[in-house]
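*Asks:* The following comprises the amino acid sequence and a computationally predicted model.
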Amino acid sequence: MLRLLIIAFLTITSVFGQTRLQLKDNEKQILDQLLDKNKYDSRISPVGPEVNGTQGPVVVNTNLYLRSIEYICTKRNEWKAQITFRHQWNDQRLKYDDKSGKIKYLSLEDKDQIWTPDTFFSNSRSGEALKDLKPNVLVRIYPNGNVLFSIRLSEVLSCPMDLKHYPFDTQTCSLQMASYGFTTEDLVYAWKEELPLQVTKRLNLPEFVLEDYNTDYCTSKTTTGEYSCIRADFHFRRESSKYGCQWFLPTAILTFIAFISFWLKPNKSTRIKLLVVTLIFLYLHILYINGKSSPAVSYHTAKDCWLSTCLVFVLAAFLEYGVVHLVHKLVKPNKCPIDSSDCQNGKNVNNCEEGDAVAL
């Protein structure tokens, strides 16, 4: 009995293995037929669905997955992100028989064997396709001619920033994808209807918080034609708590210390010493702030307004000290002139006290 079971198991395994091997052989034959250079030219773009009796542009459905953000640089107005973007379109030249549903899709390792959109990131400063042991590229061909193309990239992207409210600002950084050579007569990008934009749940930024994200279109016209373009916008809010502790609290304390001088007597040297020390510490702290993390912009930011206000208040305390000191010197108590003999006798003259009398 055991012998029969073993023989049956080996027979089934052998038949299954032959079926798998035959299926792979069928896939190879199909690929050889589809990619025959005499029949398929990867330089020619596929045609789209008919519109008013004429062939329309090929529609490239796109969705994007934001894997991570390495940094958002305020000084250089740029951000670096790792993304996976996927294109899907239909190429009728790649339709094939799925062998009664046995072949779900065909996989390619070399994307250059078929036509792919000439997508580029219009606001990119530099970028590279990531690879570990092999390039992170996926190409699938489905029986109905649909093609799925996916690639993992690392991109440094431009992000113009409005820093008038810095460090209490919010910024919008975009990722724009467009066709470099195909006009809208040949190729049109469209966001996928379901989940066009996805973001990893483990996104962690040291200075910003991702508040929201959305998709949009940015088709543009140039002298060479109209080009399809899609855009993903990411809205970031700057975490300002550390700036409150490092910038605003110390400068507020120094300004308050300068106001303490109002309670000191104007003829005391301690008052001017306190103001001088306060001004020196405040000025050094402003130099530290501007030298370490101040963005290079040609306009004033909220931080500049705050620091300037603190400096003005401390300088106003100096001005107040000068005015009070001058008035204290010019204005003296009224003296009552009396005869020297009366003063020597200790008499009160004209209701003046003895201590207030001055000899003529």
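*Replies:* Thanks, I have the structure now.
*Asks:* doesn't residue 213 make contact with residue 199?
*Replies:* Yes. Counting by C-beta atoms under 8 Å, residue 213 is a contact partner of residue 199 at 6.3 Å. For glycine as for every other residue, the C-beta is placed from the backbone atoms N, C-alpha and C.
*Asks:* Need the overlap of contacts for the two.
*Replies:* residue 66 (C-beta atoms under 8 Å, 6 or more residues apart in numbering).
*Asks:* Identify each buried residue in the longest strand belonging to the chain, please.
*Replies:* Using DSSP state E, we find that the single longest strand of the chain is strand 58-73. Judged by neighbour count (16 or more other C-beta atoms under 10 Å), strand 58-73 contains these buried residues: 58, 60, 61, 62, 63, 64, 65, 66, 67, 69, 72.
*Asks:* now the second one, nearest residue through space, not along the chain?
*Replies:* Taking C-beta to C-beta, 6 or more residues apart in numbering, and ignoring the residues beside it in sequence, residue 60 has residue 89 as its nearest neighbour in space, at 4.7 Å.
*Asks:* Next, the one you found: secondary structure please.
*Replies:* Of the three states, residue 89 takes strand under DSSP: H, G, I helix; E, B strand; the rest coil.
*Asks:* For it, give the beta-bridge partners.
*Replies:* residue 147 (DSSP bridges).
*Asks:* What pLDDT is listed against it?
*Replies:* With respect to pLDDT, residue 89 scores 95.
*Asks:* show me the contacts for it.
*Replies:* Here residue 89 is in contact with 46, 58, 59, 60, 61, 117, 146, 147 (C-beta under 8 Å, 6+ apart).
*Asks:* pretty sure the second one is in contact with residue 189, am I right?
*Replies:* No. Assessed by C-beta under 8 Å, residue 58 is found out of contact with residue 189, at 10.2 Å.
*Asks:* which regions of this protein sit below the pLDDT cut-off?
*Replies:* Within the chain, the segments meeting pLDDT under 70 span 1-20, 53, 332-360.
*Asks:* do that again at 50, thanks
*Replies:* 10, 15-18, 349, 351-360 (pLDDT under 50).
*Asks:* tell me the domain ranges of it?
*Replies:* Domain ranges of the chain: 24-239, 242-330, per automatic domain parsing.
*Asks:* Between the two ends of the first one, how far is it?
*Replies:* Distance between the two ends of domain 24-239: 55 Å, counting by C-alpha to C-alpha, to the nearest Å.
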